[in-house]
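Student: When you get a sec, could you give me coordinates for this:
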Amino acid sequence: MMDDKWHAFTEEDEVGRGFVFLQKGTDTSTRSIWSEIDQDRMESGNGQAWLEAGLEEANAEAKERNTKTIRAIGKFFEGVGELYKEIGQLIAGLVFLTSWAYCTFTYGFLLGFGLGWLPSMLLAFFAITLWPVFIILLIVFWTPLFLMAVGFATVVANTFR
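Tutor: You can find the predicted model right below:
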């Protein structure tokens, strides 16, 4: 597994210049020069101090970049959470209407329509958080209920002709 975190490191070239690099994981295409210390400064005796100071700054930048990545992932999942809630509310509404219609068709107008909203509301409450399961149940049960409602409407329409 490849490490995708930003990190800083130092290198010296064959001429004697010192470099501080930032790189993401082991992917060399993301490598960028953070700072360059020329040959004169490296040979002056303070070259290592300059490299260490540059490395310290680059490590702070790498830490910030890693934190930004984690925040971006967190913001993505915050958006997904809101979407999950909104879909859950939509599904809960459909579950409520479907179960209320089922109660009405099964137990009649007085008992099913009059009191069927109570168990329907309880079922819809669970559907808000468990909506993926309820989608499957709606697919399985919605189609027959819809077809029954259309058939019932046809019977009522034919009665009044």
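
Student: same for the longest helix seen in the chain, what does it pack against?
Tutor: Criterion DSSP state H: the longest helix present in the chain is helix 47-108. Counting contacts by 3 or more CB pairs under 8 Å, 6 or more residues apart in numbering; DSSP states H and E, helix 47-108 packs against strand 6-12, strand 18-24, strand 32-37, helix 117-129, helix 131-159. For glycine as for every other residue, the C-beta is placed from the backbone atoms N, C-alpha and C.

Student: out of those, which comes closest to Y84?
Tutor: Taking CB to CB, helix 131-159 is the member of those nearest to Y84, at 7.9 Å.

Student: Now the closest one: buried residues?
Tutor: Buried residues in helix 131-159, counting neighbours by 16 or more other CB atoms under 10 Å, are found at W131, F134, I135, L137, L138, W142, L145.

Student: One more: stretch 37-45?
Tutor: I37, R41, M42.

Student: Quick check: the gap between the first one and G54.
Tutor: Spelled out, it's I37. Distance of I37 to G54, given as CB to CB, to the nearest Å: 7 Å.

Student: Helix, strand or coil: sort out T26 for me.
Tutor: Three-state assignment for T26 (DSSP: H, G, I helix; E, B strand; the rest coil): coil.

Student: Number of residues surrounding it?
Tutor: When neighbours are defined as other CB atoms under 10 Å, T26 has 10 of them.

Student: Can you check the pLDDT for it?
Tutor: Note on T26: pLDDT of 81.

Student: Kindly list the main-chain dihedrals of it?
Tutor: In terms of degrees, to the nearest 10, the main-chain angles of T26 are phi -100, psi 10.

Student: Hmm, W131 and I87 touching each other?
Tutor: Yes - counting by CB atoms under 8 Å, W131 is a contact partner of I87 at 6.1 Å.

Student: Kindly report which residue of this protein is located farthest from the centre.
Tutor: R161 (54.7 Å; CA atoms, centre = their mean).
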